[in-house]
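Asker: Quick one, structure for this:
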Amino acid sequence: MTIITSREIAQFRSQLAEDAIALEALDLIEDCEGDLEDAAMTLAIRAGLEPQRDNSEWLDALARRWRTILCQNQFRSQLRDRSIQELFTHLKTISSFPQPLAVPILLYITKYGIDSFCAPLDSFRPPDSV
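Answerer: Coordinates of the predicted model:
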């Protein structure tokens, strides 16, 4: 279970204040008492997705599926600073990305740690490309 605190929700809310879908996702996370996996599962069901795993496994698997996009060098330093706005905006341009789940995925990887999350990809990249 990944818990997002009220303070973290407020921080992300200020970054995404211009996006109604993002604010709705943050409200749901707050309603789920910060339980990111529960909120993500609810958002997925609302979006017509049918998760086939337990909550915690499903969100992790979904994030890993998009790891090559999420771990692009241009976004890493921002994610280390817990800034998700630029990557969130980028994800909105990808038609195949599950838009209602962008916020839970981004919060998950910031909580997990971007370097840890991207480590499996980094082991396949030359050192100067990270």
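
Asker: Confidence-wise, which helix or strand of this protein is lowest on average?
Answerer: helix 55-65 (a mean of 84; mean pLDDT, DSSP states H and E).

Asker: I'd assumed Ala10 was in contact with Gly34.
Answerer: No - between Gly34 and Ala10 there is no contact under CB atoms under 8 Å: 11.6 Å. Backbone N, C-alpha and C define where each C-beta goes, glycine included.

Asker: Which one's more surrounded, these two?
Answerer: Neighbours were counted for Gly34 and for Ala10 using other CB atoms under 10 Å; Gly34 has more, 18 against 11.

Asker: what's the spacing between that one and Leu28?
Answerer: Going from Gly34 to Leu28 by CB to CB, to the nearest Å gives 11 Å.

Asker: Over to Ser77?
Answerer: For Ser77 relative to Leu28 (CB to CB), the value is 28 Å.

Asker: Settle it for me: which of those two has more neighbours?
Answerer: Using other CB under 10 Å, the more surrounded residue of Ser77 and Leu28 is Leu28, with 18 against 10.

Asker: Now the more buried one: closest residue in space, sequence neighbours ignored.
Answerer: Distances taken as CB to CB, 6 or more residues apart in numbering place Ala39 nearest to Leu28, at 4.7 Å, with adjacent residues excluded.

Asker: Likewise for Leu43?
Answerer: Pro100 (4.8 Å).

Asker: Let's see the pLDDT reported for the one you found.
Answerer: Looking at Pro100, its pLDDT stands at 90.

Asker: I figured it was touching Ala47, is that so?
Answerer: Yes - using CB under 8 Å, Pro100 is in contact with Ala47, at 4.5 Å.

Asker: between the two, who's got more neighbours?
Answerer: Remark: of Pro100 and Ala47, Pro100 carries more neighbours, 19 against 11, as counted by other CB under 10 Å.

Asker: For Asp35, grab phi and psi.
Answerer: Per-residue torsions, Asp35: phi -80, psi 100 (degrees, to the nearest 10).

Asker: Point out the other helices and strands that whichever helix or strand Ser116 is part of packs with.
Answerer: Here Ser116 sits within helix 114-122, counting by DSSP states H and E. Judged by 3 or more CB pairs under 8 Å, 6 or more residues apart in numbering; DSSP states H and E, the packing partners of helix 114-122 are helix 67-70, helix 73-80.
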